[in-house]
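J.: give me a model of this one.
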Amino acid sequence: MKLALASIFCFVMTMTCYAQNNTDTTEHLTFKGVPIDGTLDEYVSKMKKSGFTLVGTKDGVAILKGDFATYKDCIIGVATLQGKDLVSKITVLFPKRETWETLASNYFNLKKLLTEKYGEPSDVVEKFDTRSVPKDDRSKMHEVGMNNCKYHTIFELENGSIQVSIENDGFLSSFVVLSYYDRINSEKVRQKAIDDL
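T.: Here you go, the predicted structure:
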């Protein structure tokens with residue numbers, strides 16, 4: 001009888017621990033299956049296990065490099081909340097593109113994959129802020145460099161948000177950016193600020 005009770009107790013404790021761990025992973029938004037949570041060092045360690053290489057760390061941001069979503073040589077930024085060593089945002093910079101055709105192809109491909117996984121986006125803006133719509137590849141890339149290209153798609157989820165957008169670093173490089181924002185950890189800092197008031 002004691003053996004049966006001990007077995008039941010162990011089973012219940014195991015299931016309780018599993019349920020608590022399982023809940024923790026679903027509360028936070030995930031990146032590559034890893035909850036966006038924990039200290040910067042802890043998160044970087046998990047990303048290294050996923051195949052990323054650490055480039056460097058400065059002011060609460062770690063920069064890693066690796067392959068992501070079938071794209072080679074992506075730059076991944078892991079950011080903590082200001083003044084607190086708690087990871088809250090992951091940003092992926094995809095390789096720079098020289099033509100509008102390849103840049104737009106990357107953007108629309110990622111948008112399609114995200115829609116398949118998360119459903120319809122909550123906000124989509126896809127336009128050029130110009131008097132007339134640029135017609136050819138070269139003029140479109142010129143407008144990207146002038147910051148007149150407004151292409152972004154946002155997915156609002158229960159545990160955070162994901163945004164894919166076309167960005168640039170002046171005329172030197174244009175690329176797609178994918179950002180993951182964890183809602184729980186961002187809310188912790190907001191609540192601390194409210195408590196301080």
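J.: lowest average confidence, helix or strand, in the protein?
T.: When the helices and strands of the chain are compared on mean pLDDT, DSSP states H and E, helix 2-27 comes out lowest with a mean of 38.
J.: what's the following helix or strand after that one?
T.: Next helix or strand after helix 2-27 toward the C-terminus (DSSP states H and E): strand 30-31.
J.: that following strand pairs with which strands?
T.: strand 34-35 (antiparallel) (DSSP bridges).
J.: can you tell me the average pLDDT over the strand it pairs with?
T.: Per-residue pLDDT values over strand 34-35 give a mean of 92.
J.: ditto for stretch 146-165
T.: For stretch 146-165, the mean confidence score works out to 96.
J.: just the endpoints, please. Distance across that stretch?
T.: Stretch 146-165 has an end-to-end distance of 15 Å (criterion: Cα to Cα, to the nearest Å).
J.: flag every buried residue along it.
T.: For stretch 146-165, the neighbour count (16 or more other Cβ atoms under 10 Å) marks C149, Y151, H152, T153, I154, F155, G160, S161, I162, Q163, V164, S165 as buried. All C-beta spots, glycine's among them, are computed from the backbone N, C-alpha and C.
J.: and what of stretch 182-197?
T.: D182, R183, I184, N185, S186, V189.
J.: for stretch 124-132, same thing?
T.: For stretch 124-132, burial by neighbour count (16+ other Cβ under 10 Å) applies to F128.
J.: now do the same end-to-end measure for that stretch.
T.: 20 Å.
J.: low pLDDT regions in this structure?
T.: 1-26, 189, 192 (pLDDT under 70).
J.: what segments of it are helices?
T.: Assigned by DSSP state H, the helices in the chain fall at 2-27, 40-49, 100-118, 137-145, 183-196.
J.: so which elements touch the second one?
T.: Same thing as helix 40-49. Helices and strands touching helix 40-49, by 3 or more Cβ pairs under 8 Å, 6 or more residues apart in numbering; DSSP states H and E, are strand 34-35, strand 53-58, strand 61-68, strand 71-80, strand 87-93.
J.: contacting residues around that helix?
T.: 32, 34, 36-38, 54, 57, 60, 62, 64, 76, 78, 80, 85, 87 (Cβ atoms under 8 Å, 6 or more residues apart in numbering).
J.: between that helix and strand 71-80, how big is the angle?
T.: Relative orientation of helix 40-49 with respect to strand 71-80: 170 degrees, computed using axes from the mean of the first three to the mean of the last three Cα atoms, to 10 degrees.
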